[in-house]
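A.B. asks: Requesting a structural model of the entry that follows:
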Amino acid sequence: MRLCIVLVAILALGLASCARYPGGVAASNVPIGQNGYDVLGLVSAADCKVNLFGILPVSGGNQVSDAIKLALAHQPNADALIGVTVDRVVKYFILWSQVCTEVRATAVRRR
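C.D. replies: Numbers count the residues shown, from 1 in each chain. Here you go, the predicted structure:
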């Protein structure tokens, strides 16, 4: 019986995994004019989608545009992002999986 429990625990751990994939890098999310900008601070946000059994979606999401909107919302008065990086994070568990698009950038206010 004890061996059976250990085998089930090892199998459960083997079925769970995580991965991070680089998605891209951009100088900014909108054109920055010649007037420059004021730096407001670092921001990050994620937009996620959950699937049952890895294939049945139970939530919407996982859009880069939504993650950018969430990142801008974290910094009052921000209207652009510079130094933008995007990653995709995938987490698999036994019954569900989660796929997230993460955005990290510096929030700015254009002059």
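
A.B. asks: Burial check on Ser44, number of neighbours?
C.D. replies: Residues contacting Ser44 under the criterion other Cβ atoms under 10 Å number 13. Every residue, glycine included, has its C-beta placed from N, CA and C.

A.B. asks: Please tell me how far it sits from Gln63.
C.D. replies: From Ser44 across to Gln63, the span is 16 Å (Cβ to Cβ, to the nearest Å).

A.B. asks: residues contacting the nearest residue to Ser17 once chain neighbours are set aside?
C.D. replies: Nearest residue to Ser17 in three dimensions, chain neighbours excluded: Tyr92, at 4.9 Å (Cβ to Cβ, 6 or more residues apart in numbering). Residues near Tyr92 by Cβ atoms under 8 Å, 6 or more residues apart in numbering: Leu15, Ala16, Ser17, Cys18, Gly54.

A.B. asks: who does the fourth one bridge with?
C.D. replies: Put plainly, it is Cys18. In this entry, Cys18 is beta-bridged to Lys91, by DSSP bridges.

A.B. asks: remind me which residues of this structure are low pLDDT?
C.D. replies: Scanning the chain for pLDDT under 70 picks out 7-15.

A.B. asks: All the helices of it, in order from the start?
C.D. replies: When assigned using DSSP state H, the helices of the chain occupy the ranges 2-15, 64-73.

A.B. asks: still on that earlier bit, ok, which pair from the contacts of Tyr92 is furthest apart?
C.D. replies: Using Cβ to Cβ, the two most remote members of the contacts of Tyr92 are Cys18 and Gly54, lying 13.5 Å apart.

A.B. asks: Have a look at the two and say which one is more surrounded.
C.D. replies: Gly54 (13 against 10).
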